[in-house]
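Undergrad: task: produce atomic coordinates for the following.
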Amino acid sequence: MLAERGIALPLPGQTTTTPQTRAVKGLAIEKQIIGNEVVDKLYATAPADEQHIQRYLSANCFGDHLTRAGIDVPTRELLTFSMLAPLGGCDAQVKGHVAANLNVGNDRAQLIDILTQLLPFIGYPRTLNALRAIDEVTAA
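TA: Below is the predicted model of the structure:
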């Protein structure tokens with residue numbers, strides 16, 4: 001179907017990192033999205049036996065995925081918020097990604113618009129939890 005629409009296959013790769021650069025590029029995009037001080041604090045306060053999780057987060061989550069071409073960072077953050085809000089059990093991550101959305105230029109109105117669109121699919125409890133996160137972060 002893609003070829004019928006004039007889209008050449010195979011599609012070009014979207015990766016922007018290599019095994020050698022993924023950790024450094026991931027840490028850089030993580031700091032751009034979450035904030036230098038927050039990321040530095042995460043590394044500084046993680047116990048020694050958990051430091052590898054911080055490195056995995058930087059290299060894998062941010063380096064392998066959030067550095068990819070094709071979707072800009074603000075859109076990726078809206079998508080991340082949209083996927084976390086309905087999950088449940090990850091209220092701290094929802095709150096963190098409200099802040100991350102603000103850091104990359106998305107605003108309160110956009111986040112509320114996203115939740116309004118999601119409401120019939122995720123229900124009132126998850127929507128209200130995410131709204132609470134928006135209120136807490138934007139009130140600060």
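Undergrad: quick one: average pLDDT of the longest helix anywhere in the chain?
TA: In the chain, assigned by DSSP state H, the helix with the most residues is helix 108-139. Averaging pLDDT along helix 108-139 gives 97.
Undergrad: contacts only, for residue 87.
TA: Counting by C-beta atoms under 8 Å, 6 or more residues apart in numbering, residue 87 touches residue 126. Just so you know, the C-beta spots here come from the backbone N, C-alpha and C atoms, and that holds for glycine as well.
Undergrad: which SS state does it fall under?
TA: Three-state assignment for residue 87 (DSSP: H, G, I helix; E, B strand; the rest coil): coil.
Undergrad: from residue 134, how far off is it?
TA: Per C-beta to C-beta, to the nearest Å, residue 87 is found 16 Å from residue 134.
Undergrad: ramachandran angles for the residue with the largest distance to the centre of the chain?
TA: Most distant residue from the mean C-alpha position of the chain: residue 4, 33.6 Å away (C-alpha atoms, centre = their mean). Main-chain dihedrals, residue 4, degrees, to the nearest 10: phi -60, psi -20.
Undergrad: could you measure it against residue 29, distance?
TA: Distance from residue 4 to residue 29, counting by C-beta to C-beta: 36 Å.
Undergrad: let me see the contact set for the residue nearest to residue 85 when sequence neighbours are not counted.
TA: Among residues not flanking residue 85 along the chain, residue 130 sits closest, at 4.0 Å (C-beta to C-beta, 6 or more residues apart in numbering). Contacts for residue 130 (C-beta under 8 Å, 6+ apart) come out as 81, 85, 94, 98, 111, 115.
Undergrad: tell me the domain boundaries of the chain?
TA: 15-70, 72-140 (automatic domain parsing).
Undergrad: TSV please, covering these and showing distance to residue 8.
TA: Below are the domains of the chain laid out as TSV (distance: least, C-beta to C-beta, whole Å):
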stretch	distance to residue 8
domain 15-70	15
domain 72-140	23
